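Peer 1: Predicted model and sequence follow; I will ask about them next.
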Amino acid sequence: MKVKYNPHIIETRWQDFWEEKKTFKVSEDDDRKKYYLLEMFPYPSGKIHMGHVRNYTIGDVAARYKKMRGFNVLHPMGWDSFGLPAENAAIEHGIHPSVWTNQNIEVMRSQLKRMGFSYDWDREISTCEPKYYRWEQLFFLWMYEKGLAYKKGGSVNWCPKCKTVLANEQVEGGLCWRCGSEVTEKQLDQWFFRITAYAEELLEYCDKLPGWPEKVLTMQKNWIGKSYGCEIIFPMEDGSEPIKVFTTRQDTIYGATFMLVAAEHPLTMKLVQGTPREEEVRAFVEKVKKQDKLIRTSDYYEKEGIFLGAYCHNPVTGWKMPIYAANFVLADYGTGCVMAVPTHDQRDFEFAKKYDLPLVVVIQNPDDALDAETMTEAYVDEGILVNSGPFDGRPNLQALEDIAEYLESIGRGKKTVQYRLRDWGISRQRYWGAPIPVINCDECGAVPVHESDLPVVLPMDIEFSSEGGSPLERVASFVNCECPSCGRPAKRETDTMDTFVESSWYFDRFCSPDYNEKPGLDRKKVGYWMPVDQYIGGIEHAILHLLYARFFTKMLRDFGVLGIDEPFTNLLTQGMVCKETTRCPRHGYLYPDEVKEGACSRCGEKIVIGKTEKMSKSLKNVVDPSHLIDEYGADTARLFCLFASPPEKDLEWSDQGVEGSFRFLNRVWRIVQEYLEDIREVSPFDEEREPKDPASRELRKKYHQTVKKVTRDIEDRFHFNTAISAVMELVNRLYQVPRPERDDLEALSIIRKAIETIVILLNPIVPHITEELWRMMGGEGLLAESAWPSYDEEAAREEEITIVIQVQGKVRGKIQAAADESEEVIREKALADEKVRKHLEGKEIIKVICVPGRLVNIVAK
RNA sequence: GCCUGGGUGGCGGAAAUGGUAGACGCAAGGGACUUAAAAUCCCUCGAAGUUUGACUUCGUGCGGGUUCGAUUCCCGCCCCAGGUACCA
């Protein structure tokens, strides 16, 4: 009697079994090699989405595979549970962020369990718990002590109506997403982490991470943006404090004809203070502050500026240079001041033309001489220096170094290194985050909380008012406190930390999740497990999260908490799961199940199909994996995610194809049922001799080839899609093999071996069905705890291969040859081929190229 | 704008290192089984041409180049995606 494949019964049974037996619980074991596999933990936004399913399935296959290879595998899961959406839910639906978050965690945990992931659930952490964030408050205190955490003015997006800071995401076309008011730039005192202190090391180690994708390292290097240049000093006309600029183009110094200052730079207002221009300039600065930073620096944006009524001098030519405030100069890069060389910088050129400022060519185009009077755009290519005093006639790039030295020699500059990387602003004027452990005292300023007073617990009794602002500010019991330094009444800091802080060290915490002694990380356990051997997560985190996590690791190392330089040895950045967006003209973005036959289910209005973008809650273009599991089971969901595309590529969602994965599992199920009676008492082929029957020999070769291919695909590059196709081929082969007689024990033992191979190879991918089949076949123990199969190179080898024969690079024939056939024989056979001779008729053979084991190419005239 | 990737049949994708383009799967069409349907099994499936041959030509976003040979390497362009420092 054959049993039907019923995924739901099977999956529940095995999930309960693993949970009860604690199959995936791990502890330190010095006798085994450890393997720490980590997927980026999720933000508990509500439900699991396909991006999670994909990410965690990839990780689970790798974790189960490594376990089968004998590693002691740490595979934990937790929640990145502070963040903005919880606060939005509070404002929109009146639900407390902690309630909302914990409800979501409940739902998502049960969803993950339904997927059959091999987590050690005893290590679960949630970053919004005081027992987690208390340690990062401790790290903050240490950072403060070392000057790695500091306070300075920074600009934020400010909605005057909501009286709140807006995330860039909440600014839509310069307007507040909630009330539509115009968003302005506001200066606020903010806390920063001095990541720039580690800029050089972060950059240097980019070349010491061979397990990371090249593209991620390139992005990080560019983000850090080290450039060698020159700081040049421009004396002021009136003898006041000179202006310093940073430039990488000191070769153009002789062409600098005016000076530009960022509008929001303090110098701007300082220069015009008390002059008739003050009001006019202030208006300009206010206007610039309202402009979006992104747009401001784009090439097409109208360059605007205002004369500040002051002059400085070019240190090499002595020219009097007018000083302008400009909208396209950034205050926080370099010194916030730029020497303008209109002839060789397009932005400066446009600015000079607009305000009628002088142009002097200093790099001459060797092919087409430039004339400052007639040029229509800046010349930004290489050339020969002119009008450049002692440097005339030299190629500009070669003179860079000498000009820097010359400036140094006359005391007007020095060679410097500049990084694009800025310090990490961690202040958030929001409620749902870890409190910054600082007390603000009128007398003593910002005073750190005593270590013994940690954690500073986020109060739960809060109210979100319609007037906006941070609810923390209104909790008197939280805000009012004593200054730890002088004891006078003081106010607690109400800024909370950026949620990237939590995700910068959670991987350390997983090693000792319940350790409650200072510093929250058990040195011995962390020493055993760290670094993470394989980290897996979305490519969208390529810069920020990964850079911050690297920074924290180095810093905690310097605090003596960790013994490693880098947190992640190998990194796999999976592509995103994308889907087209659907939008109702009246109700905005719609979830797929709010669309009924191309119309909005609420109002019946025809929907607009938008661009394909990464699945995200804000765009509502998400597919609920629960439906998938309900209909086909977790194994099908897992198989589909892996089979649809290789992990690093984006996956465009389509409902088609899931059916095929389910069909394949049924095929596997049925072939086992088919042979179950015949092979139950037969042991798998012992591999000690060649089988006699040719069909058995072929099948044996095929399963050795399959083990080889699957092992390589998983081990080398996590290409599960091709690994799965290889197993599919073996399954197809098995269906084609004529059924052996019931007493043909050798043939049956080969069949058994082939079936076992399929079941074992598929186990990390579809663990439930394979575990069930294994037990039905009378296999010993748990597959999850079994060894990965090995293959015999000799048995996998093809003895006959196809050689392609080309004439002029075009395929004209194919021949069969023994794998070790000599080149001469193959060449002979190739030239003897009838079709090849036809194509060579009347031609003279010039050259014959032989690629062993592949092809012969005959070049003729 | 800037930085980083990507673009292959109707669709998802496959082809370490330059060497048979399209493995495997989906969809589609045809057939078998069935009273019928589902399920299952088998066959066809890049395009065009025609002397209907186991043939020829074209074909990996577009335009050039290197090479006996290019999806793969180089140059230029177009389009798509991610990041762009307060979404995570």
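Peer 2: That came through fine.

Peer 1: Quick check: residue A:184 touching residue A:160?
Peer 2: Yes. Between residue A:184 and residue A:160 there is a contact under C-beta atoms under 8 Å: 6.5 Å. Bear in mind the C-beta positions are built from the backbone N, C-alpha and C, glycine included.

Peer 1: Could I get the CA-only coordinates of stretch A:80-92 as CSV?
Peer 2: Taking C-alpha atoms only, stretch A:80-92 is exported to CSV below (Å, rounded to 0.1, in the frame of the first residue of the first chain):
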residue,chain,number,x,y,z
ASP,A,80,16.3,43.6,15.8
SER,A,81,13.4,44.9,17.7
PHE,A,82,13.9,48.7,18.1
GLY,A,83,12.9,50.9,15.2
LEU,A,84,10.7,53.5,13.6
PRO,A,85,7.8,51.3,12.3
ALA,A,86,6.8,50.4,15.9
GLU,A,87,6.5,54.1,16.6
ASN,A,88,4.5,54.7,13.5
ALA,A,89,2.1,51.9,14.5
ALA,A,90,1.8,53.6,17.9
ILE,A,91,0.8,56.9,16.2
GLU,A,92,-1.5,55.4,13.6
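
Peer 1: could you give me the average pLDDT of it?
Peer 2: Mean pLDDT, taken over the full extent of stretch A:80-92, equals 91.

Peer 1: Show residues contacting that stretch.
Peer 2: A:41-45, A:95-98, A:100-101, A:105, A:126-129, A:133, A:167, A:430-434, A:464, A:496, A:499, A:502-503, A:506, A:617 (C-beta atoms under 8 Å, 6 or more residues apart in numbering).

Peer 1: What is the least confident helix or strand in chain A?
Peer 2: Lowest mean confidence among the helices and strands of chain A (mean pLDDT, DSSP states H and E): helix A:293-296, at a mean of 53.

Peer 1: immediately after it, which helix or strand?
Peer 2: Downstream of helix A:293-296, the first helix or strand assigned by DSSP states H and E is strand A:305-313.

Peer 1: So which elements touch the helix or strand harbouring residue A:10?
Peer 2: Per DSSP H and E: residue A:10 is located in helix A:7-21. Contacts defined by 3 or more C-beta pairs under 8 Å, 6 or more residues apart in numbering; DSSP states H and E place helix A:7-21 against helix A:97-114, helix A:634-644, helix A:767-776.

Peer 1: quick one: it near RNA strand B?
Peer 2: No. Using C-beta under 7 Å from any atom of the strand, we find that helix A:7-21 stays clear of RNA strand B, coming within 14.2 Å at best.

Peer 1: In that helix, which residues are buried?
Peer 2: Neighbour-count burial for helix A:7-21 flags A:7, A:10, A:11, A:14, A:15, A:18 (criterion: 16 or more other C-beta atoms under 10 Å).

Peer 1: if you average pLDDT over it, what comes out?
Peer 2: Taken as a whole, helix A:7-21 has an average pLDDT of 96.

Peer 1: Is the helix or strand encompassing residue A:629 positioned near RNA strand B?
Peer 2: Using DSSP H and E, residue A:629 falls within helix A:625-632. No. Applying C-beta under 7 Å from any atom of the strand, one finds helix A:625-632 separated from RNA strand B by no less than 12.4 Å.

Peer 1: Alpha carbons only: can I get that helix in PDB?
Peer 2: The C-alpha trace of helix A:625-632 is given here as PDB (Å, rounded to 0.1, in the frame of the first residue of the first chain):
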ATOM      1  CA  PRO A 625       4.900  33.000   2.700                       C
ATOM      2  CA  SER A 626       2.200  31.500   5.000                       C
ATOM      3  CA  HIS A 627      -0.100  30.900   2.000                       C
ATOM      4  CA  LEU A 628       2.700  29.000   0.400                       C
ATOM      5  CA  ILE A 629       3.200  26.800   3.400                       C
ATOM      6  CA  ASP A 630      -0.500  26.300   3.900                       C
ATOM      7  CA  GLU A 631      -0.900  25.100   0.300                       C
ATOM      8  CA  TYR A 632       2.300  23.200  -0.400                       C
END
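
Peer 1: pLDDT on that helix, on average?
Peer 2: Averaged across helix A:625-632, the pLDDT comes to 90.

Peer 1: Now it: buried residues?
Peer 2: Buried residues in helix A:625-632 (16+ other C-beta under 10 Å): A:625, A:628, A:629, A:632.

Peer 1: ditto for stretch A:533-543
Peer 2: Residues of stretch A:533-543 classed as buried: A:533, A:534, A:535, A:536, A:537, A:538, A:539, A:541, A:542 (neighbour count, 16+ other C-beta under 10 Å).

Peer 1: what do you get for stretch A:406-423?
Peer 2: For stretch A:406-423, the neighbour count (16+ other C-beta under 10 Å) marks A:406, A:407, A:412, A:413, A:416, A:418, A:419, A:421, A:423 as buried.

Peer 1: Rebuild these as JSON lines, extending it with distance to RNA strand B.
Peer 2: As requested, the buried residues of stretch A:406-423 are arranged in JSON lines below (distance: C-beta to the nearest atom of the strand, whole Å):
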{"residue": "A:406", "distance to RNA strand B": "29"}
{"residue": "A:407", "distance to RNA strand B": "26"}
{"residue": "A:412", "distance to RNA strand B": "28"}
{"residue": "A:413", "distance to RNA strand B": "24"}
{"residue": "A:416", "distance to RNA strand B": "17"}
{"residue": "A:418", "distance to RNA strand B": "11"}
{"residue": "A:419", "distance to RNA strand B": "8"}
{"residue": "A:421", "distance to RNA strand B": "5"}
{"residue": "A:423", "distance to RNA strand B": "8"}
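
Peer 1: Out of these, list just those in helices.
Peer 2: Judged by DSSP state H, the subset of the buried residues of stretch A:406-423 located in helices is A:406, A:407.

Peer 1: Let's see which of the buried residues of stretch A:406-423 end up in strands.
Peer 2: Counting by DSSP state E, the part of the buried residues of stretch A:406-423 found in strands is A:413, A:416, A:418, A:419.

Peer 1: List the residues that contact the second one.
Peer 2: Pointing back at residue A:416 there. Applying C-beta under 8 Å, 6+ apart, one finds that residue A:416 lies in contact with A:228, A:229, A:230, A:231, A:246.

Peer 1: Thanks a lot, see you next time.
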